[in-house]
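Trainee: Need a 3D model of the sequence below.
(2 chains)
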Amino acid sequence: AQSVTQPDIHITVSEGASLELRCNYSYGATPYLFWYVQSPGQGLQLLLKYFSGDTLVQGIKGFEAEFKRSQSSFNLRKPSVHWSDAAEYFCAVGATGTASKLTFGTGTRLQVTL
Amino acid sequence: KAGVTQTPRYLIKTRGQQVTLSCSPISGHRSVSWYQQTPGQGLQFLFEYFSETQRNKGNFPGRFSGRQFSNSRSEMNVSTLELGDSALYLCASSPTSGGAVGTQYFGPGTRLLVL
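Mentor: Prediction:
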């Protein structure tokens, strides 16, 4: 069975500082990997995804993530955080070929201090 | 294109009642999935429908059911509501062809409160 671990429940960074959110997955083959962001009371917005190919993927809002097969990781990064980035971030894994059944991590809540 | 829409956005019910939630996918998307989000259990997959057929199912009791119509719109139903069913119910649609196949796009959710 597939699983996702986000070891950091809560992270606080200063505006303008860099950010890295960790995600480790468990899956037998190369999975489909996603990062979503959720603002309070809202649905999930897709930031980026990895299916295959280049292991460094670019997403919206200046986010990027790197797939590292050897470490079973898919960490999310942003070089300079903005106050509007404060939200909850979810990493998710889907089965190769069909990602219709996503398994989510528990989420990391990002707080940005001014 | 318009995004995924869900109605109603908020709902209050009492224990023992039943509820039906509706989801309209992005135009052209034929796969619709449902998720439950609670503070204790996080985001959990309920089921997925494609071409009016349930294609995948999560580990939820039979009180949770769904269906999909020929226009890809989907409904989920929860019968005999329990307090623990209070949650944000999220619908996601996914294309089944093209470069974005396998990518799920989420709606704003329906927040259900069971009293």
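
Trainee: quick one: contacts for B:Ser51?
Mentor: B:30, B:68 (C-beta atoms under 8 Å, 6 or more residues apart in numbering or on different chains). Quick note: C-beta positions are derived from backbone N, CA and C, even for glycine.

Trainee: So which residue is dead centre in the chain?
Mentor: Using chain A. A:Trp35 (3.4 Å; C-alpha atoms, centre = their mean).

Trainee: that's the wrong chain, I meant chain B
Mentor: B:Trp34 (3.1 Å).

Trainee: Would you mind measuring from that residue to A:Leu47?
Mentor: Here the criterion is C-beta to C-beta, to the nearest Å. By it, B:Trp34 lies 22 Å from A:Leu47.

Trainee: what's the answer for B:Leu112, then?
Mentor: 27 Å.

Trainee: Looking at these two, which has the bigger crowd around it?
Mentor: A:Leu47 (23 against 20; other C-beta atoms under 10 Å in any protein chain shown).

Trainee: can you pull out the strands in chain B?
Mentor: B:5-7, B:10-13, B:19-24, B:31-38, B:42-50, B:53-57, B:64-68, B:74-78, B:87-94, B:105-106, B:110-114 (DSSP state E).

Trainee: Using TSV, lay out those strands together with mean pLDDT and distance to A:Gly41.
Mentor: Formatted as TSV, these follow (pLDDT from 0 to 100; distance: least, C-beta to C-beta, whole Å):
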stretch	mean pLDDT	distance to A:Gly41
strand B:5-7	97	13
strand B:10-13	97	10
strand B:19-24	98	17
strand B:31-38	96	11
strand B:42-50	95	15
strand B:53-57	91	27
strand B:64-68	97	23
strand B:74-78	98	20
strand B:87-94	96	8
strand B:105-106	94	13
strand B:110-114	98	8
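
Trainee: Adding distance to A:Ser39, write the ones you listed out as a markdown table.
Mentor: Shown next, in a markdown table, are these (distance: least, C-beta to C-beta, whole Å):
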| stretch | distance to A:Ser39 |
| --- | --- |
| strand B:5-7 | 16 |
| strand B:10-13 | 17 |
| strand B:19-24 | 20 |
| strand B:31-38 | 13 |
| strand B:42-50 | 15 |
| strand B:53-57 | 28 |
| strand B:64-68 | 26 |
| strand B:74-78 | 23 |
| strand B:87-94 | 13 |
| strand B:105-106 | 12 |
| strand B:110-114 | 14 |
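
Trainee: Near chain A, which residues of chain B? Just list them.
Mentor: Residues of chain B lying near chain A by C-beta under 8 Å from any C-beta of the partner chain: B:4, B:31, B:33, B:35, B:42-45, B:48, B:50, B:55-56, B:58, B:90, B:92, B:94, B:102-109, B:111.
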